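Colleague: requesting a structural model of the entry that follows:
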Amino acid sequence: MLPNEFKPKGLYDLIRFGKDNDGGYLIGRNSALKSEYLISFGINDDWSFEEHLQKYNSKIKIFAYDPYVGNSFFLWKTWFSFLSLLRGHPKYFYNNIKKWILFKKFFNNKDKFFFLKKIGKGGLKKPSITVDEIIKNTNNNQNIFFKIDIEGSEYRILNDLIKNSKYISGITIEFHDIDLHLDKIINFIKNINLELIHIHPNNCAECDSFGRPTVLEITFEKNPELLQNHVSFPHLLDQKNDSKHEDVKLIFQD
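Modeller: Just a heads-up that it's a prediction; the model follows:
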């Protein structure tokens, strides 16, 4: 069972953004409408969440951060898929070319900025940027939404998010290795000064020895709209991250 701190207090007004299955997230409708900045940590080759959210809220500005993604990333993927072209399977090659073009088109607009920098404290091998610096780049805007999927590095920035919670309208964050970091996550839930409004297990990851999910997607919002006190899982808008595998059932302590 998961600690009771992980359970939302009720059913909130949620909306889903991003592609089907892995890559889509449920967030609060209020923060989707009112946020003026979207700060995305972790892009890889999927920016469907960012694209869909901006279609819903055309005024939102996007700052995206990923130290591994850029022209060299897509060049490598295209070169690797060139082998499949030589073997008579052109689909992967042309799909990578198409994705590279769409990447450049989406992130080259004047209201979007893409920084190839590491998230967290300085002193790392790659150039880094802190949460404080990112918020400063928005002129200390107080309607900032954070989307965070950085494969375990989220624990580096939890205290910085707590410290800057007055600037944050909402967060959707994928927590990894839950079994190793329960205390850190509970501390974050208690101190972020936002309401936990949704939780979803990522079934791409294994469960621990107690049957608990080891990866969770959790959404927070400032001043969310509560629809009813009762909540059950999965939410009607939820989708399995991996459609070919069973979903993980959420059970909470009383």
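
Colleague: where in this structure is pLDDT low?
Modeller: Counting by pLDDT under 70, the ranges of the chain that qualify are 79-80, 83-89, 109-111, 113-127.

Colleague: run the last query once more with 80
Modeller: Counting by pLDDT under 80, the chain contains low-confidence ranges at 67-94, 96, 108-128, 254.

Colleague: thought Lys59 was touching Glu36?
Modeller: Yes. In this structure, Lys59 is within contact of Glu36 by C-beta atoms under 8 Å, at 6.8 Å. Where you see a C-beta, it was placed from the backbone N, CA and C, and this is true even at glycine.

Colleague: neighbour count winner among the two?
Modeller: Glu36 (15 against 10; other C-beta atoms under 10 Å).

Colleague: tell me where this structure has helices.
Modeller: 29-34, 48-56, 71-86, 91-107, 131-137, 158-163, 182-191 (DSSP state H).

Colleague: okay, those helices, which one's buried deepest?
Modeller: Each of those was scored by mean neighbour count; the highest is helix 29-34, a mean of 19, by mean count of other C-beta atoms under 10 Å.

Colleague: give me the contacts around that one.
Modeller: Here helix 29-34 makes contact (C-beta atoms under 8 Å, 6 or more residues apart in numbering) with 13-15, 17, 53, 56-57, 143, 145, 169-170, 221-225.

Colleague: any idea how far it is from the chain center?
Modeller: The chain centroid and the centroid of helix 29-34 are separated by 16 Å, computed with C-alpha atoms, centre = their mean, to the nearest Å.

Colleague: same deal with stretch 160-169?
Modeller: 16 Å.

Colleague: same thing with stretch 8-24?
Modeller: 11 Å.
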